[in-house]
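> Structure here, sequence nowhere to be found:
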């Protein structure tokens, strides 16, 4: 669903900076999943809407974890778009284009899983290029965490049937609004 | 006392400066304490074609051409031919012509008038740098009783920029013309009245409309040039910056109407001016102003239609499109001034109404008002200044299109915190969100209709004069000749009622019923081939009386005697 | 968000009106909406001091989804509405939004002349090379061989409109192209565009997943231009000669003064205008 990760343009220099990136990543994910849930509701795909809401909640828990880890630390204040993700979009935030109004739960989890996989690749790259010990340690922890998320999602996805051909067939033609 | 007045035409061609001469004559008349006006007509060439200045001067304010002309000054004979239909003459009218005036030999058209020769070209040659039109000016001035000295100050004013030699030459010619005029038959003009204490003005209908607009509060204009509206824009372009406003020359009429909607959305009363073809282009976006409830004023200086028509001539044939040209049910305002002076009032009132009612107002002027320069009494100051209903504070949620009692919902202005909304051409809820639901459509249609129908327009919807059983109903520039016709009838003891409408939309059924009470015979007068005004009256009002229609298209103006003739042929109608 | 990043008064979320967009899931315009909110937040513009103006089309629905002032006007005339507003209210931040049909077909004339006039505003065009709202006709930026348009079944066969070329030739002061899938990068460009005086034009390639699903691939084939923005129109023109529409980035940053007539009275009383008519 997306290209390879090349990693941030500059090396992450401190644990605080890494935490800031991690926080941004999770925060964007919450927003994205809520946006997707809204879109699904607007298009009467309630099952998937609920699923995206659940995913948003889960990401919210991840934020709590990051906040715990940041206790007592002073994180650099970066604006959302100042983060230098590869491809410009936060790994877990950029999958809006993969949505479809008829998407099935299997697709929704696939979308989330791809995001987690990109997060894994991102943090692995941070670990590979780390020059600071703390950064390295933290990055490896984050890799492990994100890999756990991927596994959990994979398990969850297995509960749903993989959609066969014709899942996106809509017998009605598009409507003209204006 | 019978008013004294004269109608004079000056014709020429090929750069003879007839318009300048006419303007000078009008100014001289003004200085002499006279009232008057000057219209014009021309051939199709941009320069050098035939031209005629059509003047009428009077001891009292006048708004109509007379039945016929008293005096024609033809700098060359052929130049009069094109304008024969516009210069009706009597057997006791006089044509002063220069047989040698043209570059080629040409003759005057056939008319009943007497002809007298005045060798203007030859006389002009006796002065270095002399011009025949200055001879003509002097001659006419003498013939109608103006004083030589008054001409000089006008020459000075108008020719100042051309240098002392030009002024000298012109003055010498005027004096020569004055002297030659001594041998010509006299036409008694009104008595000279330099002592008049009444403040008088000289302006055209187009300038008057511009003044009305800014007095009403307009500070933003976007427009595209079109005959015969361009002078409105010229006046506004130079006047608006003085009062902190601006005129933007847009790329077309579609840009013009949308730019003024944008500026008005931002809180600035705005206006554009155009003619028939431009109004046709603008109709979609005027509908946007109506639906999104953004006030705008569109001035249409009407010309002969349809399509490109006759750009330089007047007609009253945009009434239908002004009333009905918006798609969907889009109630809005349509107004029309009845005279050059009334262009100030009606445009100002239109701005006031559009702002008060948050809607579009179309003002129908026409070429005969717009491009006629008139000497008038100072227009009254009126208290109609734009006052938009703007919310002062905001609740939790601001409902821009809240239905309410009057139908006028407070309109927030960008910059007001808490008042944010999206104005929309889509039908919408009270909050302004797009909606296709029947209840929202009905509620908003009803709101937009009610706010306009429920407003108290007062007495200005029409000028009502007289109380007879016979009435003449008209609108716009035909009001002048109708008024003069009725005034003549009144002098003979005939009381014919006048209804000159100023507000054409929304309809005023209660007021019209009152105005038509006891009327047995109703004459409709309008300058439209397909009787647009008559059809509007039939559709909008209960016309109990016997109705006749006197109509014709442009380009010829109506004259008082024609209207009297119409009334005279009617059994039980006026008798003179 | 917690910690210091939340210290700004206006967060991107506050620029959303809360009205749920009706765009198809997968539409690139969602990304653009996000970018606009990030840009406004980055500049800390108060919502009541900004106005977003649009015409007709899917992307022209944008103003309704933002908490700024907005005007959803008629087809093709957003730039005229926006120009009138900006000239009368120079204090406002004015942004026009719309699509390729609204902007370059019926709106083409206003596009050209607004570039010429160079008022200080930003024009965001969500280009998906199709008329989405009216069920998928070819638009001015559609390639000549696209055969799915029902009104042009054999393809249009005519040259597509080149927005950046026209913008440059007509005098736009800031010209850029981005991809809607790069929401942060687009936000950065929009911020620069708003900050830059004069007419700023940002063409955002924003896929229509319903009528041109193949455009989902744009995020893989659009690449950042391998060069910096230029302030030399001739150089920008040379770049455009070989541009195949796949480079993103800021093309041109000019220094023409913005069109903004002064709105200052020079007389004390409007009655002074009567003077010229008095005899």
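Yes, it's here. Not measured: the values here are computed from a predicted model. Numbers count the residues shown, from 1 in each chain, chains lettered A, B, ... in the order given.

> Now do stretch B:74-87, average pLDDT.
Mean per-residue pLDDT for stretch B:74-87: 93.

> Let me fix that, I meant to ask about stretch B:245-257.
97.

> Name the residues of it that are buried.
Residues B:245-248, B:250-251, B:253-257 are the ones in stretch B:245-257 that count as buried (16 or more other Cβ atoms under 10 Å in any protein chain shown). C-beta coordinates here come from the backbone N, C-alpha and C atoms, glycine included.

> Start and end of it, how far apart?
17 Å (Cα to Cα, to the nearest Å).

> For it, report the contacting residues that lie outside it.
Stretch B:245-257 is contacted from outside by B:214, B:218-226, B:233, B:236-237, B:240, B:259, B:272, B:274, B:278, B:281-282, B:285-286, B:289, B:296, B:298, C:76-77, C:80, C:83-84, C:87-88, C:109-110, C:112-113, C:261, C:263, using Cβ atoms under 8 Å, 6 or more residues apart in numbering or on different chains.

> quick one, what contacts residue A:99?
By Cβ under 8 Å, 6+ apart, the contact list for residue A:99 reads A:36, A:39-40, A:111, C:25-26.

> Show the contacting residues for the closest residue to it other than its chain neighbours.
Distance criterion Cβ to Cβ, 6 or more residues apart in numbering or on different chains; nearest residue to residue A:99, sequence neighbours excluded, is residue C:25 at 3.6 Å. Contact partners of residue C:25, counting by Cβ under 8 Å, 6+ apart, are A:36, A:39-40, A:43, A:96, A:99-101, A:103, C:209.

> same question, residue B:135
By Cβ under 8 Å, 6+ apart, residue B:135 lies in contact with B:118, B:120, B:123-124, B:173-174, B:176-177, B:180.

> If we use 7 Å, what do you get?
Taking Cβ atoms under 7 Å, 6 or more residues apart in numbering or on different chains, we find residue B:135 in contact with B:120, B:123-124, B:173, B:176-177.

> Low-confidence regions, the chain specifically.
Let's take chain A. By pLDDT under 70, the low-scoring segments of chain A are A:1-10, A:80-81, A:86-89, A:92-94.

> Let me rephrase: I mean chain B.
B:1-3, B:196, B:571-576.

> so which strand or helix has the most centrally placed residue in it?
Most central in chain B under Cα atoms, centre = their mean is residue B:369, positioned 2.3 Å from the mean C-alpha point. Per DSSP states H and E: residue B:369 is located in helix B:367-370.

> Just the buried positions in that helix, please.
Buried residues in helix B:367-370 (16+ other Cβ under 10 Å): B:367-370.

> Over to stretch A:31-42?
For stretch A:31-42, a neighbour-count test (16+ other Cβ under 10 Å) marks A:31-42 as buried.

> ok, which of those also contact chain C?
Among those, the residues lying close to chain C (Cβ under 7 Å from any Cβ of the partner chain) are A:35, A:38-40, A:42.

> from the buried residues of stretch A:31-42, which single one is nearest residue C:195?
residue A:31 (25.1 Å; Cβ to Cβ).

> wait, does the helix or strand containing that closest one contact chain B?
Taking DSSP H and E as the criterion, residue A:31 maps to helix A:15-42. No - using Cβ under 7 Å from any Cβ, we find that helix A:15-42 stays clear of chain B, coming within 13.8 Å at best.

> Now do whatever helix or strand comes next after that helix and helix A:15-42, the angle between them.
As assigned by DSSP H and E, the chain's next helix or strand after helix A:15-42 is helix A:46-69. Counting by axes from the mean of the first three to the mean of the last three Cα atoms, to 10 degrees, helix A:46-69 lies at 160 degrees to helix A:15-42.

> Quick check: buried residues in helix A:46-69?
Across helix A:46-69, burial judged by 16+ other Cβ under 10 Å covers A:48-49, A:51-53, A:55-56, A:58-59, A:62-63, A:66, A:69.

> before we move on, back to that, among the contacts of residue B:135, name the ones in helices.
B:120, B:123-124, B:173, B:176-177 (DSSP state H).

> gap between the residue nearest to residue B:278 when sequence neighbours are not counted and residue B:4?
Leaving out its chain neighbours, the residue that sits closest to residue B:278 by Cβ to Cβ, 6+ apart is residue B:253, at 4.2 Å. Residue B:253 sits 45 Å away from residue B:4, going by Cβ to Cβ, to the nearest Å.

> Then residue A:63?
For residue A:63, the distance to residue B:4 - Cβ to Cβ - is 94 Å.

> Kindly report the same for residue C:80.
Taking Cβ to Cβ, one finds residue C:80 at 53 Å from residue B:4.

> So for the two, which residue has more residues nearby?
Neighbours were counted for residue C:80 and for residue B:4 using other Cβ atoms under 10 Å in any protein chain shown; residue C:80 has more, 34 against 14.
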